[in-house]
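**Student:** sequence-free structure coming up:
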């Protein structure tokens, strides 16, 4: 659900060139030809503001002319403001390199002004976020957070917490994201009680919509069994709808309408979902928000897919894919679009397109698995840096007071970098060794049960034998892969009671029941991943579901605890070995 990418950027109008690309290019060309050098500064400013949202290609030409005039000694134009606006425009036009070029120039102009520096660093983080570069986004958000903390700017800190939460949702860490955003809601509500509260409306609305989004994600992540998540999503979205009408915020209203359609989709009310999405699309078209249109069309396609109308579903999925490619949009959930296209073409017996989109899905799945692991580790590391940097600041102050040589600090820093590099290289070697150990364990695994120990368990030998035979059948039939594989379930399958079963497992399997089931599942996963190339092509969530887990997180924790490796690393090494 990528509408959250739109919500957190208060100063962006996302990717508005899609539907006007051809017309914009022609108009921009005429403007260049008309030579804006002789146009006054006031007229250039008016031209920029006039085209800023409706025609970014034209607005860019006005800014370029303003930048040329700013180089003249006769003007008092502030170049950093023009570079700042050009960075926004180029980001809107999906030109990442030019956008970063101009924000870097703006940063050079304001390096001695902490307030402006903070604003410009925030924009740079936002640019990286919009292009899916979450690691870099975290880096610049952290810098802004440090400045805000130094100035005790609670409002800025709250906004940064929302941005960090949005990145967490992108990598699937919805529980932590929810905690961050929900903490901010009472804070924003207090700010809205102030006289000059208009500036707080947008972040408040964004928080409401983000919370609704996260609850919807949690509903999906938890297997769609817990309706309370969807009830919470609907509750916060209804508030967002009411407040967006009250504040006359059409963009927030359009996003909330889209959210409403998505919530109806997840609860299975397909007709109502389509109705809400059509309403949202009409408003999105008038506001010129093709980025939001991307989300709406994706779910229009999903609605048709659920109703088995695969021709219509493919039409909307292809429209969504076209928008993504034209805007160079990159987000982790993109793989869902490709698997839906693959499955839709499969229903139409179109083998060529089925294979094409499945390969795209698999390619994106591997990228996402790597991104989630790397970004999550980096996120925790970078967010903890906020605390770590306080310690560094204190050390730096102490060093200055004691008049230590600055070279010592550099040497310590370089040493720290070397230690980190050595640590990660050593970790890679350890992971490789552990991978080989896991393979060796699979090769040498014994099939026979351990002999019964002499410990008395007050169960007849006949009953023990029957229970062990039942467990043997239970394992051979792979019934441990059932989702609700409880002690009572296994006792029923082995024709005994839970007390006897628990004792036999503890004595003869030498482990507790939960560990027994977990080991069976992880053993199964290790062997099947090694033997079955198709199984290795599944994403982690699908593998977890195949093994009877309710979530990918639980499976990953058990796999790591057993093998000391992440499943993604194990699969990657198996694929490399297969090649």
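**Tutor:** Now that the structure is in, tell me what you want to look at. Keep in mind that what you see is a predicted model, and the values were worked out from it rather than measured.

**Student:** residues in contact with residue 183?
**Tutor:** Taking Cβ atoms under 8 Å, 6 or more residues apart in numbering, we find residue 183 in contact with residue 161. In this view, the C-beta of every residue, glycine as well, is placed from N, C-alpha and C.

**Student:** how about 10 Å then?
**Tutor:** For residue 183, the contacting residues are 158, 161, 162, 165, 207, by Cβ atoms under 10 Å, 6 or more residues apart in numbering.

**Student:** Would you mind measuring from the second one to residue 141?
**Tutor:** When Cβ to Cβ, to the nearest Å is applied, the distance between residue 161 and residue 141 equals 10 Å.

**Student:** Flag every buried residue along the helix or strand hosting residue 490.
**Tutor:** Applying DSSP states H and E as the criterion places residue 490 in helix 487-493. Going by neighbour count (16 or more other Cβ atoms under 10 Å), the buried part of helix 487-493 is 487, 489, 490, 491, 493.

**Student:** can you check stretch 496-511 too?
**Tutor:** Residues of stretch 496-511 classed as buried: 496, 500, 501, 502, 503, 504, 505, 506, 507, 508, 509 (neighbour count, 16+ other Cβ under 10 Å).

**Student:** In the stretch 101-250 of the chain, where is pLDDT below threshold?
**Tutor:** 223-224 (pLDDT under 70).

**Student:** Break down the stretch 101-250 of the chain into its helices, ranges please.
**Tutor:** Secondary structure of the stretch 101-250 of the chain (DSSP state H, counting those that start in this stretch): helices located at 114-130, 134-150, 154-170, 174-191, 201-221, 227-246, 250-267.

**Student:** same thing with the stretch 451-579 of the chain?
**Tutor:** Under DSSP H, counting those that start in this stretch, the stretch 451-579 of the chain gives helices at 461-476, 487-493, 498-504, 513-531, 533-536, 540-546, 552-563, 567-578.

**Student:** so where's the stretch 351-500 of the chain uncertain?
**Tutor:** By pLDDT under 70, the low-scoring segments of the stretch 351-500 of the chain are 362, 364-409, 411-413, 423-425, 427-457.

**Student:** Swap in 50 and give it another go.
**Tutor:** Applying pLDDT under 50 to the stretch 351-500 of the chain picks out residues 370-371, 373-396, 398-400, 403-404, 446-455.

**Student:** how much space between residue 91 and residue 85?
**Tutor:** According to Cβ to Cβ, residue 91 and residue 85 sit 11 Å apart.

**Student:** any common contacting residues for these two?
**Tutor:** Common contact partners of residue 91 and residue 85 (Cβ under 10 Å, 6+ apart): residue 102.

**Student:** Which of those two has more residues huddled nearby?
**Tutor:** Counted by other Cβ atoms under 10 Å, residue 91 and residue 85 do not tie: residue 91 has more neighbours, with 27 against 22.

**Student:** roughly how far apart are that one and residue 501?
**Tutor:** Look at residue 91 and residue 501: by Cβ to Cβ, they are 61 Å apart.

**Student:** Same question for residue 45.
**Tutor:** Distance, residue 45 to residue 501, using Cβ to Cβ: 79 Å.

**Student:** circling back to that earlier point, between residue 161 and residue 141, which one's more packed in?
**Tutor:** A side-by-side neighbour count of residue 161 and residue 141, using other Cβ under 10 Å, places residue 141 first with 28 against 21.

**Student:** how near is the closest residue to the more buried one other than its chain neighbours to residue 565?
**Tutor:** Setting aside the residues directly before and after it, residue 141 is nearest to residue 125 in space (Cβ to Cβ, 6 or more residues apart in numbering), at 4.6 Å. Look at residue 125 and residue 565: by Cβ to Cβ, they are 33 Å apart.

**Student:** can you check residue 115 too?
**Tutor:** 47 Å.

**Student:** now residue 534
**Tutor:** Residue 534 is 21 Å from residue 565, by Cβ to Cβ.

**Student:** So for the two, which sits in the more crowded spot?
**Tutor:** Shown here are residue 534 and residue 565; by other Cβ under 10 Å, residue 565 has more neighbours (20 against 7).

**Student:** quick one: that one from residue 148, how far?
**Tutor:** As for residue 565, its distance to residue 148 is 39 Å (criterion: Cβ to Cβ).

**Student:** Go ahead and confirm residue 471 touches residue 502.
**Tutor:** No: with contact defined as Cβ atoms under 10 Å, residue 471 and residue 502 do not form a contacting pair (11.9 Å).

**Student:** Now for the two: what residues contact both?
**Tutor:** Counting by Cβ under 10 Å, 6+ apart, the shared contacts of residue 471 and residue 502 are 490, 496, 516.

**Student:** Now the second one. Nearest residue, chain neighbours left out?
**Tutor:** Same thing as residue 496. Counting by Cβ to Cβ, 6+ apart, residue 496 lies nearest to residue 467, which is 5.1 Å off, once chain neighbours are set aside.

**Student:** Would you enumerate the residues in contact with that neighbour?
**Tutor:** Counted by Cβ under 10 Å, 6+ apart, residue 467 has contacts 459, 491, 494, 495, 496, 497, 500, 501, 503, 504, 505, 508.

**Student:** want to throw those into a markdown table with distance to residue 254?
**Tutor:** Listed next are these as a markdown table, based on distance: Cβ to Cβ, whole Å:
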| residue | distance to residue 254 |
| --- | --- |
| 459 | 67 |
| 491 | 55 |
| 494 | 57 |
| 495 | 60 |
| 496 | 60 |
| 497 | 59 |
| 500 | 62 |
| 501 | 57 |
| 503 | 62 |
| 504 | 61 |
| 505 | 57 |
| 508 | 63 |
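
**Student:** so, if you compare those residues, which one comes nearest to residue 192?
**Tutor:** residue 491 (57.0 Å; Cβ to Cβ).

**Student:** That closest one and residue 498 touch, don't they?
**Tutor:** Yes: with contacts counted by Cβ under 10 Å, residue 491 reaches residue 498, the gap being 4.6 Å.

**Student:** Which neighbours do the two have in common?
**Tutor:** residue 513.

**Student:** Residue 128 contacts residue 96, doesn't it?
**Tutor:** Yes: if you go by Cβ under 10 Å, residue 128 and residue 96 touch, sitting 8.7 Å apart.

**Student:** So the two - more neighbours on which side?
**Tutor:** A direct count of neighbours by other Cβ under 10 Å for residue 128 and residue 96 places residue 128 higher, at 22 against 16.

**Student:** Look up how far residue 50 lies from that one.
**Tutor:** Applying Cβ to Cβ to residue 128 and residue 50 gives a distance of 29 Å.

**Student:** circling back to that earlier point, looking at the buried residues of stretch 496-511, spot the one nearest residue 523.
**Tutor:** Nearest member of the buried residues of stretch 496-511 to residue 523, counting by Cβ to Cβ, is residue 509, at 12.5 Å.

**Student:** Could you give the average pLDDT over stretch 36-43?
**Tutor:** The pLDDT scores in stretch 36-43 average 80.

**Student:** what about stretch 126-138, start to end distance?
**Tutor:** 10 Å (Cα to Cα, to the nearest Å).

**Student:** just stretch 343-354 next, same as before
**Tutor:** Using Cα to Cα, the two ends of stretch 343-354 sit 7 Å apart.

**Student:** what's in contact with it?
**Tutor:** The contact list for stretch 343-354 (Cβ under 10 Å, 6+ apart) reads 301, 304-305, 308-315, 317-318, 341-342, 355-358, 361.
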